[in-house]
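In: what's the 3D shape of this:
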Amino acid sequence: MNIYTAYIAVGSNLGDRLSNCQKGISELTKKTNSQLIRLSDFYQTQPMYIEDQDWFINGVFSIQTKYSPHELFHSIKETEILLGRDLTAKRYGPRVLDLDILMMDNLIINTQNLNIPHPRLHERRFVLQPLSDIAAEIVHPILNKNIKELLIDLNDDQKVYRYK
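Out: Modelled structure (predicted):
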């Protein structure tokens, strides 16, 4: 049986945002019997795509898991629903909990439901900043740059502040 290292983004902009993120991490690691390896600082981040909504709390964590990428993806969706996510809500709109697999070892997966590495990872400061906190040197398997380089290369004005 394979053991994978997965990097997962967590975010929330409804209710107790920090608590939602913490509960999401705890519930997912418990549900998948995974080991939490590292957890970034949390950041308060400006919303992207739909700007007329509350700011997010975002972070990134890594786990070691026996779950395959697709099994992990399904467990993530179950965790989001369990903690109050409305999967029928508007894309990029407000949400109680958002969990996304960013990378999983050096895997490249492109299916209808699952893309690893996350296809917009390199465009998002709210993901790259916390990911850089815990894994600055891991290399994106398609872009062949490490996370620190992707963060430096990012040319945007998204506001991301370390959350107290």
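In: list the buried residues of the lowest-mean-pLDDT helix or strand in the chain.
Out: Within the chain, confidence by mean pLDDT, DSSP states H and E is lowest for strand 160-162 among all helices and strands, at a mean of 93. Going by neighbour count (16 or more other C-beta atoms under 10 Å), the buried part of strand 160-162 is residue 160. C-beta coordinates here come from the backbone N, C-alpha and C atoms, glycine included.
In: where do the helices sit along the chain?
Out: Assigned by DSSP state H, the chain shows helices spanning 17-31, 69-82, 125-135, 147-153.
In: count of residues packed around the residue lying closest to residue 20 once chain neighbours are set aside?
Out: Take residue 20 and drop its neighbours on the chain: the residue closest to it by C-beta to C-beta, 6 or more residues apart in numbering is residue 12, 3.8 Å away. For residue 12, the neighbour count with other C-beta atoms under 10 Å is 29.
In: pull up the per-residue confidence for residue 12.
Out: Here the pLDDT value assigned to residue 12 is 97.
In: just checking, it touches residue 94?
Out: No - applying C-beta atoms under 8 Å as the test, residue 12 and residue 94 come out as separate, 9.2 Å apart.
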